[in-house]
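A.B. asks: please work out how this folds:
(chains A and B)
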Amino acid sequence: METERMTACRIAEAVNRAEVSAYRLVEKILDRCNHLNANLNLFVSIAGSEALEQANKVDGMVKNGRSLPLAGVPVVVKDDFCYSAKPTTYGSPAFKNFSSPFNAAAVDKLLDAGAVIIGKTNLDGMSMGSTTAFSPNGPTRNPWDVNLVAGSAGAAAVVSEPGLIALESDSGGALRQGASHCGVLGLRPSIGRVSRYGLNVFSSSFGQAGIIASAATDLSVVLKVISGFDYRDASTALCNSTADQVADITKPEQITIGWPENLIDNLDSDQHNIFGQALENIQVKGFKLAKLSISYFPEALRAYHVIACAEASSNLSRYDGVRFGQAALAENLEELYFKSRRLTFGPEARRRSIFGTFLLSKGNFDLYYRQALKVWKLVRQEFSAVLDQCDLLLLPVVKNLPYPVAEQVDFLELYEGDLFCAPVSLAGLPAVSIPAGKADHLPLGLQLVGPPFSDELLIEAASRIMTNMTMPPGVS
Amino acid sequence: MDYEVVIGLEVHVELHTESKLFCSCPNHFTAEPNINICPVCLGFPGALPQMNREAVSKALIASLALNCEVALFSYFDRKNYFYPDMPKGYQISQYYVPIGSKGYLEIEDDGGHLKKVLIGRVHMEEDAGKLVHAVSGEYSMVDYNRAGVPLVEIVTDPDLRSPGEACRYLEQLKSILQYAMVSDCKMEEGSLRCDANISLRPLGSKSLGSKTELKNMNSFRAVERSLEHEIKRQKDILNCGKKVESQTLRWDEESQATIAMRGKLQAHDYRCFTDPELAPVELSSAEVEKARKNLPEMAEARAARFVSRLGLPEYDARVLTASRVMADYFESCLEFYNNTKAVSNWVMGEFAAQLNNAGIEADQCTFGPEHLVELLKMIDEKIISGKIAKDVLAKAFQTGRTPRQVVEEEGLLQISNHSELEAIIGKVIKENPASVENYRGGKTKVIGFLVGQVMKETGGKANPQLVNELLLEKLVE
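C.D. replies: Just a heads-up that it's a prediction; the model follows:
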């Protein structure tokens, strides 16, 4: 079996038919991942023996006549999801030996569906960032150009090994931007589609579990597996009525894709060109286009950061050295807190924690946090109004192409990099980042955004619109 | 100068639920540390809170029982601060919109008049764990069994005017919450905890003086004493022309004094914001009305029933219904025994005295209703005298034996044997010729003295009625 142009669906099909053993497949994938890891720094840990054991189990089930939706499908999991077989480091040096006592809900669902977890992927400290430059393990390199960051280790793994699936998280856009930087599909599902139980999020309002894949069919199969009501995550109560949706675009002319002219005018020429090509392509595929305007992007970005930092300051308070992680030796309580939190937090986590504490404190609360809540409401209203004029919305994903690994980028510039993604998170909408073309030798994506629970429609539309990417030359 | 005392109370009550507020860990008091814990109540990375509807129902009942307005939409907020007993680094509480507000309850004021104490808010929150400090002072340990246990905090307006009123408020509050089955309200076990805000102002003044907050009072008596102590302390300060410093004080049981904990200048900024991991607490008006209709029988109603149906004196009915467990105990006795007044006398008297000595409640002792009934039946059957019965109750209560066991093992059977008693009576008559003379001379009252002497000889075990009869026979001989 050729691995090139492979999809997760085809792997599952072949394994279910016993045309290929999951064990053999996983052996090969593990070899390949070890090799990729040496060049790209993809993994925090590789789950070699655990993966082979699971593959064996899947083969056994197939032998007993079971058919599993993700039989033998290799999955890499971002290291902010709890997976008890391996440490869950959350990008913190103090957690390099931390074993979670439980699996994340999405991890359990993947395993139950016959998927095989290959390893935990690299991430920015406490998932804060869209570059992996803030990882204590160093940045993950971009398969298209190893001198640049990948943005998301999961995306880098998927583009290097089609058929592989990455379980990723997205707050301000890390998943979507990583997908763009690597030339793969990245889905940030609707709030409530996928249980976040067992996913470490610095921001509870925006942190979401999502999927990176190289084929649209893979996105929809995996979404079906990992979504659904989970009593442990209150947000999934919304999900009850929408289980097992199917979107079938038989008449693309009945679907209107809106695009904000005012934002596109300010793009650099590469992005502008690719956006133009995408619009043409959309028309060629028979969809209707609607020109419209969205005004609150800069405000939304700032509101996102205010709220996300405020929540981070609170969410990260549990890292005090008392119950888990590495505790520092200390003479008294204050020193324990001080030293242990120093061990646990990288510079960005420290910064956001301090920002958030400042933003919520007396006097600043009304000035910043309450204002941000107002903006939040306005942004939701504006997106909702815009989505009354169209079915789906086409937006840029990234503001810049990936940074060189060695470059020290100012944190504010990095925050500004979330300009097109964070407002969508703030609006609480699902989005899929799709490969749209290349700028120079690097892939560049765009995102489709839809109303809540339009995930299936998004995936289906993405499959029509996306540009088929080749493999990065260095990895094939 | 004369001062008016202004007191407001903040009471934390543990809700009596099966499980904790945001996880399925059991909500039971256990001595062994860190048994009732899970990733959620330990705040493990990735764990999310799940709301316990039973706790919401109990908080709703508490709000209604305290005559509150109920919010159909309320929220959980995070109160951020660091302490090792607080696993997440924040407490989930209702800061902005409490489930209940603008309630009241009625107490007697110092003049004996009925008075409404306004309750500003009733809100839900999670409890913290407990620190256990090593005797050496070298280290501390944390027990998270209590972390995440559901609480309601009940906050009064500054309506109370004396330590006595504060205590009557607490007694009334405890009674209501016990009757509503919301909490067992055991201050000693920490299921009811009280903080007090107290200030003094010149009599007639409308503005509030600067207040202090009192903590760590482990009994109603401690609340009363600490308030009295604090009133005196503040008076002395004011009388010297100085200002009372706004601060938090800890009641020290040993020295019976208040000790400063921290000044308000160092007070926390809790940076409260709505918890993004929890949905709003939604209640339908139908749900609220149903709960209102189903509110259980409260103390007053039960006392009225005891008077009208059981024929108890008003006084007995009020004493017995002061706590639900006591009233339950009383009514359980009546299932096996029909002398209502006898049960009432014994429950209010000897039984209550034993509870008081032991500092426990009626449902915490091994001396159950069936034991009291056994005791009363032994009196009826003249197996023991009433006087001996008091000792038997005490011994049975303290040792966990049944009254019958105590009587048998300690040889307390009443002496009703004629010849045995006659011998003793003969001895007493012989030793007290003067009294006998007096009796026969018409001073019949001395019989009491002679009966007493016989009882003394028998260690109180003689059947007093029989002694009386036999003595009369001998004396007229």
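A.B. asks: what does the stretch 101-250 of chain B put close to chain A?
C.D. replies: With the criterion set to Cβ under 8 Å from any Cβ of the partner chain, the stretch 101-250 of chain B comes near chain A through residue B:142. No exception for glycine: its C-beta is placed from N, CA and C like everyone else's.
A.B. asks: residue in the stretch 101-250 of chain B nearest to chain A?
C.D. replies: Nearest to chain A in the stretch 101-250 of chain B, going by Cβ to the nearest Cβ, is residue B:142, at a distance of 6.8 Å.
A.B. asks: partners of that residue in the sheet?
C.D. replies: Here residue B:142 sits in beta bridges with residue B:131, going by DSSP bridges.
A.B. asks: which residues touch the closest residue to residue A:115 other than its chain neighbours?
C.D. replies: Closest residue in space to residue A:115, ignoring its immediate chain neighbours: residue A:70 at 4.1 Å, by Cβ to Cβ, 6 or more residues apart in numbering or on different chains. Shown in contact with residue A:70 (Cβ atoms under 8 Å, 6 or more residues apart in numbering or on different chains): A:8, A:12, A:110, A:113-115, A:165, A:221-222, A:225.
A.B. asks: output those as a markdown table; include the columns pLDDT, neighbour count and secondary structure.
C.D. replies: Below are the contacts of residue A:70 laid out as a markdown table (pLDDT from 0 to 100; neighbours: other Cβ atoms under 10 Å in any protein chain shown; DSSP: H, G, I helix; E, B strand; the rest coil):
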| residue | pLDDT | neighbour count | secondary structure |
| --- | --- | --- | --- |
| A:8 | 96 | 28 | helix |
| A:12 | 97 | 25 | helix |
| A:110 | 98 | 26 | helix |
| A:113 | 98 | 20 | coil |
| A:114 | 98 | 26 | coil |
| A:115 | 98 | 30 | coil |
| A:165 | 98 | 31 | strand |
| A:221 | 96 | 22 | helix |
| A:222 | 98 | 30 | helix |
| A:225 | 97 | 22 | helix |
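A.B. asks: closest to residue A:145 among these?
C.D. replies: Residue A:145 lies nearest to residue A:165 out of the contacts of residue A:70, by Cβ to Cβ, at 23.8 Å.
A.B. asks: and that closest one, how far from residue A:238?
C.D. replies: For residue A:165, the distance to residue A:238 equals 24 Å [Cβ to Cβ, to the nearest Å].
A.B. asks: please apply the same query to residue B:477.
C.D. replies: 98 Å.
A.B. asks: which one's more surrounded, the two?
C.D. replies: Using other Cβ atoms under 10 Å in any protein chain shown, the more surrounded residue of residue B:477 and residue A:238 is residue A:238, with 16 against 7.
A.B. asks: part of a strand, is that one?
C.D. replies: No - Residue A:238 sits outside any strand when classified using DSSP: H, G, I helix; E, B strand; the rest coil, being helix.
A.B. asks: next, residue A:147: secondary structure please.
C.D. replies: strand.
A.B. asks: ok, it touching residue A:405?
C.D. replies: Yes - between residue A:147 and residue A:405 there is a contact under Cβ atoms under 8 Å: 6.2 Å.
A.B. asks: list the contacts of the residue of the stretch 1-150 of chain A found nearest chain B.
C.D. replies: The nearest approach of the stretch 1-150 of chain A to chain B comes at residue A:82, 4.6 Å away (Cβ to the nearest Cβ). By Cβ under 8 Å, 6+ apart, the contact list for residue A:82 reads A:88, A:100, A:102-104, A:107, A:198-200, B:45-46.
A.B. asks: try 7 Å
C.D. replies: Contacts for residue A:82 (Cβ atoms under 7 Å, 6 or more residues apart in numbering or on different chains) come out as A:88, A:100, A:102-104, A:198, B:45-46.
A.B. asks: enumerate the residues of chain A near chain B.
C.D. replies: A:82, A:88, A:90, A:100-102, A:104, A:196-200, A:204-205, A:231-234, A:237, A:310-311, A:314, A:317-318, A:320, A:322-324, A:333, A:337, A:357, A:360-362, A:369 (Cβ under 7 Å from any Cβ of the partner chain).
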